[in-house]
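Asks: Test case, fold it:
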Amino acid sequence: MKGQATKSTHLLLLVDESSASKRMVAYVAGIIGRRRNFHIHLLYLMPFMPVQLLETGGADTPKKETELNAELHRQQDRWIVSKETAAKPALDELVSVLRDAGIPNRAIDIEFTDPYESGSPDRAIVVFAGEMQCHTIVIGHDSHSWFREMTGGHLTEHLLRHAKGIAVWVVQ
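Replies: This is a model prediction of the structure:
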C-alpha cells in the first residue's frame, strides 16, 4: 500500500441560507473534522432564471436582434452575479464551520447549480453528484423551502426517489 495515492471520499452538501443547512454542515463537520481523505462539495441551489430573462421578444432586423440578445446576456449575467453575491455570506459562514472543524480549504469546493436548468433540480443534483464522484448527498431536512412551494413535495423525498446508488443523509 505504501506509495499508492489514497482516494478521497466526496460528499455533496446541499446548502442554502437556512438554519437547517447550518445544522447539517455542523453535523458533517463534527463527523469528518480533522480526518483525511474527504472532499466537501457545497452545492448552492440557484433559483431558476426568471422567465423574462430567458428570451427577447425578437426584433425587426438582424442587427437589432443581435443588440437585444447582447443586452439579454448582460442582464442574465448581472442576475447570476447578484444571486451568487447574495449567497456569499451564508456560504462563507458554512465554510468557516468546516474550517473550524479542521477541514482544509483545499478539501472544500463551492458550487452553484445552473439557473438556466429548467428541468427537475433533484435530477440535476443526482447528475452533479455523479460527475463529482459523490456517493453521499447530505441535506438539512427543512432547507430549500422554495422547492416545496414549486413542486408540492420536499426535496429530500425527490432525491430519495432518484438517487439510485447514492446515500442520502437527512439531518434534522
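Asks: low-confidence ranges in this structure?
Replies: 1-6, 118-119, 144-153 (pLDDT under 70).
Asks: excluding its backbone neighbours, what's nearest the residue nearest to the spatial centre of it?
Replies: With distances taken as C-alpha atoms, centre = their mean, the residue of the chain nearest its centroid is residue 43 (2.3 Å). Spatial nearest neighbour of residue 43, excluding adjacent residues (C-beta to C-beta, 6 or more residues apart in numbering): residue 111 at 4.9 Å. All C-beta spots, glycine's among them, are computed from the backbone N, C-alpha and C.
Asks: Contact partners for the one you found?
Replies: 41, 42, 43, 44, 128, 132 (C-beta atoms under 8 Å, 6 or more residues apart in numbering).
Asks: How is the residue nearest to the centre of the chain assigned, secondary-structure-wise?
Replies: Classification of residue 43 by DSSP: H, G, I helix; E, B strand; the rest coil places it in strand.
Asks: and the next element down the chain from the longest helix along the chain?
Replies: Longest helix in the chain by number of residues (criterion: DSSP state H): helix 62-100. Downstream of helix 62-100, the first helix or strand assigned by DSSP states H and E is strand 108-112.
Asks: the inter-axis angle of that next one versus helix 62-100?
Replies: Here the directions of strand 108-112 and helix 62-100 differ by 150 degrees (axes from the mean of the first three to the mean of the last three C-alpha atoms, to 10 degrees).
Asks: still on that earlier bit, what packs against the longest helix of the chain?
Replies: strand 9-15, helix 19-32, strand 38-44, strand 108-112 (3 or more C-beta pairs under 8 Å, 6 or more residues apart in numbering; DSSP states H and E).
Asks: please redo it, this time with the cut-off set to 6 Å
Replies: If contacts are counted by 3 or more C-beta pairs under 6 Å, 6 or more residues apart in numbering; DSSP states H and E, helix 62-100 sits against helix 19-32, strand 108-112.
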